[in-house]
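could you work out the structure for the sequence below:
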Amino acid sequence: MLPTPYIKCDYDTVYEPSEDSFLLLDTLEEELPYLESRFKNRLSVVCELGPGSGIVTTFLMQNGIPSKNQSIYFAADISPWALDATLDAAKRNKCEKSYLEPIQSDLNRCIKSKEVDLLIFNPPYVPAEEVPAVPTTKEERDEWLDLALLGGTDGMVVTNKVLDQLDIILSPTGVAYILFCARNKPEQIVERMSRDGWSMELIMHRKAGWEVLSVYRFTR
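Residues are numbered from 1 along each chain as shown. Model prediction:
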């Protein structure tokens, strides 16, 4: 069993690791043989969108996923609090030997050069009337946290932006792992993305309280 990173940060500003975070960690551990085989003996570009506390990016670096000592890591988030937390998590878990680049960016300006080999996304998936506006200052603590949780109609407004850009983010052999809740209607997403030429495979799902969470693997 791979070690879980030690995380300590201000949970009034970033999403506290919860069932969805640990489901992603378990998925990545289970998928390790697949990823090692796919990216064996090559430099891999890894990007987590919305790293929050930094637990997933740190887990990847800590365990050399997907290719030991041959990966560079990007953490892209609109929240400055999330980027601070991710850098702190990497430091606390002694990941200094890994290359980590934090990027403060919204989804319309994230990496679009078909260079990402491994993309991880735990989106704001909670259905809401609308996606919160981006706060104008770092001090608006509650607003930054809301932005990490609320995903608009069906909880899919933010996720759909990523799905629409997947082809211009992932490398030709790239893999994406995206988390959904049942209210996101993932079965409909499978049908839509399949029509666009994507292969989606359910890797792991778990009941978490009143919600059912699932992680799907996307490949061309």
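
other SSEs contacting the strand or helix carrying residue 59?
Taking DSSP states H and E as the criterion, residue 59 maps to helix 55-62. With contacts taken as 3 or more CB pairs under 8 Å, 6 or more residues apart in numbering; DSSP states H and E, helix 55-62 sits against helix 19-30, strand 44-49, strand 71-77, helix 80-92, strand 116-121. Heads up, the C-betas are built off the backbone N, CA and C, glycines and all.

please redo it, this time with the cut-off set to 10 Å
With contacts taken as 3 or more CB pairs under 10 Å, 6 or more residues apart in numbering; DSSP states H and E, helix 55-62 sits against helix 19-30, strand 44-49, strand 71-77, helix 80-92, strand 99-104, strand 116-121.

pretty sure residue 89 sits against residue 4.
No. In this structure, residue 89 is not within contact of residue 4 by CB atoms under 10 Å, at 11.3 Å.

hey, which helix or strand in this structure has the poorest pLDDT?
Each helix and strand of the chain was given a mean pLDDT (mean pLDDT, DSSP states H and E); the minimum falls on helix 141-149 at a mean of 92.

joint contacts of residue 89 and residue 4?
Listed as contacting both residue 89 and residue 4 by CB atoms under 10 Å, 6 or more residues apart in numbering are 17, 55, 58, 59, 62.
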